[in-house]
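Q: Okay, sequence plus prediction incoming.
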Amino acid sequence: MTTTTEPVYYDPYNPEINADPQPTFRRLRDEAPLYHNDKHDFFAVSRYEDCEAGLRDTTTYSSGRGNIIELIKAGFEMPPGVLIYEDPPVHTIHRSLMSRVFTPKKMAALEDKVRAFSAECLDPYVGSEGFDFIADLGALVPMKTIGMLLGIPDEDQQAIRDRPEAQMRTKDGKPMRMTPRFAAGEAFAEYVDWRAKNPSDDIMTMLIEAEFEDETGVTRRLERHEILTYVNVIAGAGNETTTHLLGWAGSTLAEHPDQRAQLAEDPRLIPNAIEELLRYEPPAPHAARYVSRDVELYGQTVPAGSVMVFVIGAANRDERKHADPDAFDIHRTIGHHLTFGFGVHFCLGAALARLEGRVVLEEVLARFPEWTVGADARLSESSTVRGWETLPISLSTQGRPR
């Protein structure tokens with residue numbers, strides 16, 4: 001009797017695949033390094049070398065129409081200032097402007113405040129039986145940090161956080177519905193207008209006051225609609241992905257209690273553990289690009305006008321790049337991973353995400369060195385990011401004051 005293996009099927013909208021994507025990712029790398037999905041009409045590459053090369057090649061693979069399949073297919077004209085949706089030379093100018101804010105030195109100066117935010121979230125649960133790693137911690141620290149950077153009042157931060165998160169939801173395995181207002185920042189209009197009259201030391205004030213030379217050679221300040229777009233992008237990018245990084249820290253370390261114990265014993269291991277978490281469970285497992293010209297890959301032609309998906313979650317576990325890639329190892333010499341992208345679109349907030357991940361994990365392990373994940377933990381429904389919607393944990397001990 002002969003058995004036939006069905007061709008590999010990859011669909012970012014399929015909740016069953018999303019629940020455990022690595023078997024599919026492995027088959028993509030081995031059987032279909034260039035994959036085409038007929039149902040949703042996109043191409044995908046999954047090997048590390050191909051993803052790295054593609055993310056670097058902004059001429060062939062354009063970000064100018066978005067980095068989400070639905071957005072690229074919708075054909076919207078992107079408003080200026082959405083860095084992740086721009087190509088050089090405009091991207092170079094706008095990135096230079098934003099890089100004044102997200103320097104490693106400035107991010108490092110936030111450490112004490114991030115630690116205070118973490119303590120504020122965690123201290124009430126010392127002596128308790130447990131808490132939700134997302135609702136009570138992972139969703140709060142990034143929200144408070146970005147709110148502080150932007151100058152958003154505490155009472156408004158949750159609404160600001162939830163708006164972009166709601167936009168990323170998918171239901172019934174279907175693509176997101178896109179509208180031309182996808183990247184607009186009207187929700188921040190009141191704050192920007194108030195800050196224009198009441199300058200401070202936050203990002204909004206910096207954007208309002210910054211002077212730069214634009215792509216036409218004119219030295220000017222940002223227009224109001226550009227500021228709104230910048231703020232919208234920062235708020236969305238700074239919240240959800242870091243929340244999912246923290247969630248994966250909670251679940252992955254629960255699955256590897258021996259390595260968690262090593263981190264609790266020696267916090268100096270935590271920075272490398274964060275890198276391994278980013279490699280092992282990237283919060284954004286794929287990034288899409290518009291194909292601007294015909295390109296030959298694996299003996300096939302990817303025609304201009306196509307959508308190419310770089311499957312970062314597969315590339316990060318490519319055995320051609322990393323030995324024993326499906327093993328989680330806090331001692332791994334990682335080198336490079338693609339979780340923050342590659343090339344000119346490398347994530348400007350990488351230093352902040354790493355800082356938040358390290359500080360939060362230090363504070364968690366100082367109080368709660370052991371925990372287990374509840375059976376009712378639930379993944380979020382999204383085709384663009386992957387992480388926990390809820391992650392209730394039970395504490396093996398009742399914790400200790402910091």
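A: Done, it's in.
Q: residues contacting the closest residue in space to residue 39 that isn't next to it in sequence?
A: Leaving aside its chain neighbours, residue 39 sits nearest to residue 11 (6.9 Å; criterion: CB to CB, 6 or more residues apart in numbering). For glycine as for every other residue, the C-beta is placed from the backbone atoms N, C-alpha and C. Residue 11 makes contact with 17, 37, 39, 40, 173, according to CB atoms under 8 Å, 6 or more residues apart in numbering.
Q: Report the lowest-confidence entry in these.
A: Among those, residue 173 has the lowest pLDDT, at 56.
Q: show me where the stretch 51-200 of the chain has strands.
A: Secondary structure of the stretch 51-200 of the chain by DSSP state E, counting those that start in this stretch: the strands cover 61-62, 130-132.
Q: quick revisit: looking at this, the residue nearest to residue 39 is in a strand?
A: No - counting by DSSP: H, G, I helix; E, B strand; the rest coil, residue 11 falls outside a strand, being coil.
Q: mind checking how far it is from residue 286?
A: 11 Å (CB to CB, to the nearest Å).
Q: can you check residue 323 too?
A: In terms of CB to CB, residue 323 sits 23 Å off from residue 286.
Q: Between these two, which has more neighbouring residues?
A: residue 286 (27 against 9; other CB atoms under 10 Å).
Q: For the more buried one, list the residues it contacts.
A: Counted by CB under 8 Å, 6+ apart, residue 286 has contacts 12, 44, 309, 310, 311, 312, 313.
Q: could you dump those to TSV with secondary structure?
A: What follows is the contacts of residue 286, written out as TSV (three-state DSSP):
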residue	secondary structure
12	coil
44	strand
309	strand
310	strand
311	coil
312	helix
313	helix
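Q: Poorly predicted segments of the stretch 101-250 of the chain, please.
A: Within the stretch 101-250 of the chain, the segments meeting pLDDT under 70 span 157-185.
Q: Would you map the helices across it?
A: 104-108, 111-122, 140-150, 157-167, 189-197, 203-209, 224-255 (DSSP state H, counting those that start in this stretch).
Q: Minimum distance to residue 48: which of those has it?
A: helix 224-255 (19.8 Å; CB to CB).
Q: Run the chain-centre distance for the closest one.
A: On the basis of CA atoms, centre = their mean, to the nearest Å, helix 224-255 sits 6 Å off its chain's mean C-alpha point.
Q: Please apply the same query to stretch 30-41.
A: With CA atoms, centre = their mean, you get 24 Å for stretch 30-41.
Q: Kindly check the end-to-end length of it for me.
A: Taking CA to CA, to the nearest Å, the first and last residues of stretch 30-41 lie 21 Å apart.
Q: in it, what counts as buried?
A: 32, 33, 34, 35, 37, 40 (16 or more other CB atoms under 10 Å).
Q: So what touches that stretch?
A: Residues contacting stretch 30-41 (CB under 8 Å, 6+ apart): 7-11, 13, 28, 42-47, 50, 69, 73, 175, 297-298, 300, 302, 306-307.
Q: Which ones among these map onto helices?
A: Counting by DSSP state H, the contacts of stretch 30-41 place 28, 50, 69, 73 in helices.
Q: just to revisit the earlier point, relative to residue 331, which of the helices of the stretch 101-250 of the chain is closest?
A: helix 224-255 (14.1 Å).
Q: what is the orientation angle of the closest one with helix 140-150?
A: 160 degrees (axes from the mean of the first three to the mean of the last three CA atoms, to 10 degrees).
Q: So which bits of helix 224-255 are buried?
A: Neighbour count says helix 224-255 has 226-254 buried, by 16+ other CB under 10 Å.
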